[in-house]
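Q: Here you go, sequence then predicted model.
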Amino acid sequence: MSGTDRPPTRASGGGTTPAQRTRREFEHIRHGTVSIIAALNVHTGQVLTERIDRNNADTFIGFLRQLNESIPADTGIHLVMDNGSSHVAKKTKAWPATRPRFNIHHTPEHAGRLNQVELFFSALTRRPLRRGQFASRDELAAAIDTFVLAYDEHDAKPYRWTCNGSPLKAAWTPEGSTRRCTRAGRLLPDCSARGRPAADGGSPSASGRRTLSRTHA
């Protein structure tokens, strides 16, 4: 789920030359936002999007019904999503529970960008939206639809993670720790200053930093 807002500026940013930086007007005329919901097929890189008015459980379940109808019945569906309210609502949890081919996977809290669909939203932001000028919500929505159709036809490719985590694993070893984490004056077992060491490359601590690079396969 992503909400996009790109209101037109009051004045044009002006043209640029190779030796001139792009100028951007700071004042905007706001016409509202456009919210879309999207699903990424990790095998093809193609996306399915829908414009929505409300971000709630009923809207999300309606989108799941579209996925259920558009994907062959003999194919399992693995949904990777964050912990947004529409994703963890009781009604949302109950719907796939009666449909065995749906497998739900939630990203860790505050780690929604591990979901590869965010790479598509990044491309959407950088290409048609960041420098776009839109006079209305309908014009913004049309620009998004045009981009999605062209993206699926010409640009869509599966993403491939290239970071093997070696620097992070080295930083998370007990030997790399210079102090112990404490809570209420007590030492915490299995916790180092740089994060919890784990063979499966567990999540970094608040002071750590996860860097994931990617390329198209």
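A: Yes, it's here.
Q: Rounded mean pLDDT for stretch 151-169, please.
A: For stretch 151-169, the mean pLDDT works out to 83.
Q: tell me which residues of that stretch are tucked away?
A: 151-152, 156, 159, 168 (16 or more other C-beta atoms under 10 Å). In this view, the C-beta of every residue, glycine as well, is placed from N, C-alpha and C.
Q: Grab the two from these that are most spread out in space.
A: The most widely separated members of the buried residues of stretch 151-169, counting by C-beta to C-beta, are Asp152 and Leu168 (33.7 Å).
Q: quick one, phi/psi of His106?
A: phi -100, psi 140 (degrees, to the nearest 10).
Q: any idea how far it lies from Ile61?
A: Using C-beta to C-beta, to the nearest Å, His106 is found at 16 Å from Ile61.
Q: what are the ranges of the strands in this protein?
A: 2-4, 34-40, 47-52, 77-81, 102-106, 159-161, 180-183, 186-192, 214-216 (DSSP state E).
Q: mind listing what's buried in the third one?
A: Within strand 47-52, the residues scored as buried using 16+ other C-beta under 10 Å are 47-49, 52.
Q: nearest to Asn115, of the residues you listed?
A: Nearest member of these to Asn115, counting by C-beta to C-beta, is Val47, at 12.3 Å.
Q: Ile36: which of the buried residues of strand 47-52 is nearest?
A: Proximity of the buried residues of strand 47-52 to Ile36 (C-beta to C-beta) peaks at Thr49, which lies at 5.0 Å.
Q: quick one: contacts for the closest one?
A: Each residue near Thr49 by C-beta atoms under 8 Å, 6 or more residues apart in numbering is listed here: 36-39, 144-145, 148.
Q: Provide the contact partners of stretch 103-110 at residue level.
A: With C-beta under 8 Å, 6+ apart as the test, stretch 103-110 has contacts from 76-83, 87-88, 93, 96, 114-115, 203.
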